[in-house]
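S.K.: Need coordinates for the below:
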Amino acid sequence: MFYTLQKPTTPVWAKTVIIGALGYFILPIDLIPDLLPGGYTDDFSGLFGALVTVSMFIDEEVKLNAKERIRIWFGESAISDTDLVDDKLNKKTDQDEQDKDENKGKDEDEDK
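M.R.: Alright, predicted model coming up:
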């Protein structure tokens, strides 16, 4: 989300969501104290909600910047893990597109 925040094309409302989520994550006062069992639930829920909300602004440039930062911090093995996740997401997206095309063809046939 950090790199999405830095993009000049990201709208102000999306930047506000990102800042709010990241700010809450580091805020010392929490709704649920982090030391209690399940204490990080609210933190992760906020980050996940923000990620879903601004995901349409995460493009290849943002992904490449994030991967480079991961490589610097954690090494090449971490990059192979992110590539695996990307491959699975791309397969899911490709399958969804195929299903949509098949359903569209069926709908057109029914209309005839």
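
S.K.: From now on I want contacts and neighbour counts done on CA atoms only, so please keep to that.
M.R.: Noted.

S.K.: Wait, residue 18 touches residue 48, no?
M.R.: No - using C-alpha atoms under 8 Å, residue 18 makes no contact with residue 48, being 10.5 Å away.

S.K.: For those two, indicate the residue with more neighbours.
M.R.: Each of residue 18 and residue 48 has its neighbours counted (other C-alpha atoms under 10 Å); residue 18 has more, 23 against 12.

S.K.: Quick check: closest non-adjacent residue to the more buried one.
M.R.: residue 50 (6.1 Å; C-alpha to C-alpha, 6 or more residues apart in numbering).

S.K.: Check what pLDDT that neighbour gets.
M.R.: With respect to pLDDT, residue 50 scores 89.

S.K.: For stretch 27-47, give the mean pLDDT please.
M.R.: What stretch 27-47 shows for mean pLDDT is 71.

S.K.: Straight-line length of it, end to end?
M.R.: One end of stretch 27-47 sits 13 Å from the other (C-alpha to C-alpha, to the nearest Å).

S.K.: Then stretch 22-39?
M.R.: For stretch 22-39, the first-to-last residue distance is 16 Å (C-alpha to C-alpha).

S.K.: circling back: right, and the residue nearest to residue 18 touches residue 17 too?
M.R.: Yes - applying C-alpha under 8 Å, one finds residue 50 in contact with residue 17, separated by 6.0 Å.

S.K.: how about the CA coordinates for stretch 77-93, as CSV?
M.R.: What follows is stretch 77-93, C-alpha atoms only, in CSV (Å, rounded to 0.1, in the frame of the first residue of the first chain):
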residue,chain,number,x,y,z
SER,A,77,13.7,-16.8,-1.6
ALA,A,78,10.9,-14.4,-0.5
ILE,A,79,10.5,-13.3,-4.1
SER,A,80,9.9,-16.8,-5.3
ASP,A,81,7.1,-17.1,-2.7
THR,A,82,5.5,-13.9,-4.0
ASP,A,83,5.8,-15.1,-7.6
LEU,A,84,3.9,-18.3,-6.5
VAL,A,85,1.1,-16.2,-5.1
ASP,A,86,1.0,-14.0,-8.2
ASP,A,87,0.8,-17.1,-10.4
LYS,A,88,-2.1,-18.5,-8.4
LEU,A,89,-3.9,-15.2,-8.6
ASN,A,90,-3.4,-14.9,-12.3
LYS,A,91,-4.7,-18.4,-12.9
LYS,A,92,-7.8,-17.6,-10.9
THR,A,93,-8.3,-14.4,-12.8
